[in-house]
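Participant: Have a look at this prediction, sequence included:
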Amino acid sequence: MAIREEAGTVAPVGESTPPDAADLPYAHRLRAAASVWRPSLRVWVTLGGVAIVVATAIMTANLFADRLRELAVIAALEHAESVVRANLDPVVDAHALDMGVASDPELDEQLVRLVQGGDMSRIIVWSSDGRAVYSSDPALRGLRFSIGDHLAEAFAGNSVSEYGAEAEDEAGAVEGAAVLPIPFLELYVPIRGTVDGPPIGVYEVYQDARPIEAVVLQTRGDVLVLALAAAGVLFAILWLAFAGASRLLARQNRLLRERSVRDALTGLANHGFLLEELNRYLARSNPSGAVALLDVDNFRLLNAGHGHRAGDEALRRVAAVLTAVAQPGQLYGRFGPDEFLLACFSDDQDSLMRTLAALTAALAEVDLHFAGSERLPLSVSAGVARVPRDGHRALELLSVAEAALREAKTSGGQVTKVADQATIGSLAAQNTVFGVFEGLLVTVDTKDHYTRAHSEDVTGYALFLADELALSDEERRLLRLAGLLHDIGKIGIPDGILRKPAPLTGEEYDIVKQHVALGDAIVGAVPQLAEVRAGVRHHHERWDGTGYLDGLQGHEIPRLARILAVADAYSAMTTTRPYRKALSPDEALARVAQAAGSQLDPELAMAFVTAMRRRQVEVARAGLGAAGLTAHTHSQAGQSGTLHW
């Protein structure tokens, strides 16, 4: 390239003139270099600016991705907390997770249903000693693990989350344990149960984090595209990139929220959302309405015979028909693998039943057809629970509806069953806290057959005396419970002492005395059993004040405990034990009479002796022996060895 040069100025003679810059050494080279680098400089400056914008865009994308991931973790943790508060806290008491307490298989089944069809991969309910008391993975149930930092923090009362590289599968080495997807999200939520105080357990969820990562990667890519497009136009429009990224973040948050409340297969509301809404409805003052659980008939046979795609198609068809027939204001969605929920809380009590009838009629017009099969019918069975008749809480209503659904399925399917008293009675027999007590009684019976038989004996004699005293039905109900549970504390007595074929030493007798304290603690976990608890604790008190544990005297001893003391004494004397033979009924009654006023309440003891003497005469006239006396007494008293209200 030619460089244009100007003529120099002439200086006066004798005056020196500084040289022109163009005439300096290397001037031509410098000018040539300048001419070459001038356009390159503009390119590099532009590229530098673009690089700055790109670097800023990458940093921004990473920040948005991290924030999106954080929001997803927060949403998952809040959902886990809502599950604990709605499903576990209402049914878990202070001792439900203790060592030796029988686990509730229904709770394990609920955890399995929560895992099926969703993003959750594994659920574990931990006890404070590191045992996996409940788990959706059968291979982990009952195993003990070391308590890590995050689990310890959850037992301190804080909800904790671990994500990505931080999350570790402590049960990965257990043989038969399900393999977790990578990456996964690990959540810890403290379980406070039905009591105030420190957590009694921890609810841990392993959730598949791949959908979150997919959304995060998509968001990062979209943000980069937007930022690069903005960099290609002008630096001045960089704020538009941030605005676009913000809108994108909001949209992705909506998508994540939508994903967390919708079932991926049917598009309906999922289990978690339905529970939240159900609790919200029931939190209103004086709610009324009905809740129905619907189950696809023959769903397992359909899956087994035609594959899971056929089952998925059946679920989609039912979802479509349910959406078409549901009325405005009704809550509906997919509640389980092959279950749907329909709830109505309007003033129209029959609205839900009309919707169920419309659903049944509409499904009758739908059939399924797969390769190599005939046209298959599609139908559902339903169980209905009424509000407030069948309960006020979501868990109560769902339990009643599920029991009604079981009855409907037993009837052959395509049946709608509204829960009645028989339904609620069968449910109470299976699911109340007395099922746990029954399990403890079975455990005591395994340790010492005498204890269980003795408890049933005491119950029979106590109810016999209750008839003699003309006690009310409510008092008889409490007496029956107290009689069956009065020795439940013996579950904690060492076998060697409990079955010792010889008289106990003083030290051993002191240990046996503690069974009333342990029984008091076990029964005391149920607030509704205060009077029963008093009978359990005080049935070894003596009328003269020399009994145990509290040394109560006379009428200070609750009447329930005084009745049990009479029945307990007679049963103990007429039962053979390893260290002595049973006494005859006559000798035992004589000793009861002798103990009146010292060990036993004199009025109750003599009433028992008088009634038993009268019964002996009746039995003798009937030609029955001593064994017949016991059987006749118990049958007259209506004795039952089953715990119930």
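Facilitator: It's in.

Participant: Report how many residues lie close to L341.
Facilitator: Look at L341: counted by other CB atoms under 10 Å, it has 24 neighbours. For every residue, glycine as well, the C-beta is placed using N, CA and C.

Participant: To clarify, my last question referred to A314.
Facilitator: A314 has 23 neighbours, counted by other CB under 10 Å.

Participant: What residues does it make contact with?
Facilitator: V296, F299, L302, L368, L378 (CB atoms under 8 Å, 6 or more residues apart in numbering).

Participant: If we use 6 Å, what do you get?
Facilitator: V296, L302 (CB atoms under 6 Å, 6 or more residues apart in numbering).

Participant: Could you check how far it is from Q414?
Facilitator: 14 Å (CB to CB, to the nearest Å).

Participant: do S103 as well
Facilitator: Look at S103 and Q414: by CB to CB, they are 35 Å apart.

Participant: same question, Y281
Facilitator: Counting by CB to CB - Y281 and Q414 are separated by 28 Å.

Participant: all helices of the stretch 351-500 of the chain, in order?
Facilitator: Using DSSP state H, counting those that start in this stretch, the helices of the stretch 351-500 of the chain run over residues 351-364, 394-410, 421-431, 434-447, 449-469, 473-485, 495-498.

Participant: Export these to TSV and append columns for mean neighbour count, distance to T219 and mean pLDDT.
Facilitator: What follows is those, written out as TSV (neighbours: other CB atoms under 10 Å; distance: least, CB to CB, whole Å; pLDDT from 0 to 100):
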stretch	mean neighbour count	distance to T219	mean pLDDT
helix 351-364	18	40	93
helix 394-410	22	35	86
helix 421-431	15	45	63
helix 434-447	17	49	59
helix 449-469	21	63	84
helix 473-485	20	59	85
helix 495-498	13	63	76
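
Participant: Tell me which of these sits nearest to L560.
Facilitator: Counting by CB to CB, L560 lies closest to helix 473-485 out of those; the figure is 5.6 Å.

Participant: how distant is the closest one from the center of its chain?
Facilitator: 31 Å (CA atoms, centre = their mean, to the nearest Å).

Participant: Please export the alpha-carbon coordinates of that helix; CSV is fine.
Facilitator: Extracted in CSV, the C-alpha atoms of helix 473-485 (Å, rounded to 0.1, in the frame of the first residue of the first chain):
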residue,chain,number,x,y,z
ASP,A,473,-72.1,-50.9,78.1
GLU,A,474,-69.4,-48.3,78.1
GLU,A,475,-67.9,-49.5,81.3
ARG,A,476,-68.0,-53.1,80.0
ARG,A,477,-66.3,-51.9,76.8
LEU,A,478,-63.5,-50.3,78.8
LEU,A,479,-63.2,-53.4,81.1
ARG,A,480,-62.9,-55.7,78.1
LEU,A,481,-60.0,-53.6,76.7
ALA,A,482,-58.3,-53.4,80.1
GLY,A,483,-58.6,-57.1,80.7
LEU,A,484,-57.0,-58.0,77.4
LEU,A,485,-54.3,-55.4,77.8
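
Participant: Determine the set of other helices and strands touching it.
Facilitator: Under the contact criterion of 3 or more CB pairs under 6 Å, 6 or more residues apart in numbering; DSSP states H and E, helix 473-485 touches helix 449-469, helix 530-538.

Participant: And the shortest one, what does it pack against?
Facilitator: Right, the one you point to is helix 530-538. Helix 530-538 is packed against helix 473-485, helix 515-523, helix 559-573, with contacts defined by 3+ CB pairs under 6 Å, 6+ apart.

Participant: any idea of the mean pLDDT for that helix?
Facilitator: For helix 530-538, the mean per-residue pLDDT is 86.

Participant: May I see the buried residues of it?
Facilitator: E531, V532, R533, A534, G535, V536, R537, H538 (16 or more other CB atoms under 10 Å).

Participant: From G519, how far off is the third one?
Facilitator: In other words, R533. Look at R533 and G519: by CB to CB, they are 9 Å apart.

Participant: Likewise for the second one?
Facilitator: With the distance defined as CB to CB, V532 ends up 10 Å from G519.

Participant: Please apply the same query to the fifth one.
Facilitator: Computed with CB to CB, the distance linking G535 and G519 is 10 Å.

Participant: Show me whatever sits in contact with both of the two.
Facilitator: Common neighbours of G535 and G519 (CB under 6 Å, 6+ apart) do not exist.

Participant: residues contacting the residue nearest the centre of the chain?
Facilitator: Closest residue to the average C-alpha location of the chain: L88 at 3.8 Å, with CA atoms, centre = their mean. By CB under 6 Å, 6+ apart, the contact set of L88 is I191.

Participant: re the thing from before, export the helices and strands packed on helix 473-485 to JSON lines and tack on distance to G554?
Facilitator: What follows is the helices and strands packed on helix 473-485, written out as JSON lines (distance: least, CB to CB, whole Å):
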{"stretch": "helix 449-469", "distance to G554": "18"}
{"stretch": "helix 530-538", "distance to G554": "12"}
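
Participant: which stretch among those comes nearest A403?
Facilitator: Evaluated over these, closeness to A403 peaks at helix 530-538, with 25.9 Å, by CB to CB.

Participant: Need the contact partners of the closest one.
Facilitator: 478, 481-482, 485-486, 516, 519-520, 523-524, 557-558, 560-561, 564.

Participant: and the angle from that helix to helix 559-573?
Facilitator: Counting by axes from the mean of the first three to the mean of the last three CA atoms, to 10 degrees, helix 530-538 points 40 degrees away from the direction of helix 559-573.

Participant: Report the backbone C-alpha coordinates of helix 530-538 in CSV.
Facilitator: Extracted C-alpha coordinates of helix 530-538, given in CSV (Å, rounded to 0.1, in the frame of the first residue of the first chain):
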residue,chain,number,x,y,z
ALA,A,530,-57.0,-43.0,79.7
GLU,A,531,-59.3,-45.2,81.8
VAL,A,532,-58.0,-48.4,80.3
ARG,A,533,-54.5,-47.1,81.1
ALA,A,534,-55.4,-46.7,84.7
GLY,A,535,-56.6,-50.3,84.9
VAL,A,536,-53.4,-51.6,83.3
ARG,A,537,-51.2,-49.6,85.7
HIS,A,538,-53.1,-50.2,89.0
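
Participant: surely T266 meets R334?
Facilitator: Yes: in this structure, T266 is within contact of R334 by CB atoms under 6 Å, at 5.1 Å.

Participant: Could you check which of the two has the larger neighbour count?
Facilitator: Between T266 and R334, R334 has the larger neighbour count (other CB under 10 Å), namely 27 against 21.

Participant: which residues touch the more buried one?
Facilitator: D263, T266, L268, F340.

Participant: now do D347
Facilitator: For D347, no contacting residues are found, by CB under 6 Å, 6+ apart.

Participant: Quick check on E162: phi, psi?
Facilitator: The phi and psi values for E162, taken as degrees, to the nearest 10, are phi -130, psi 140.
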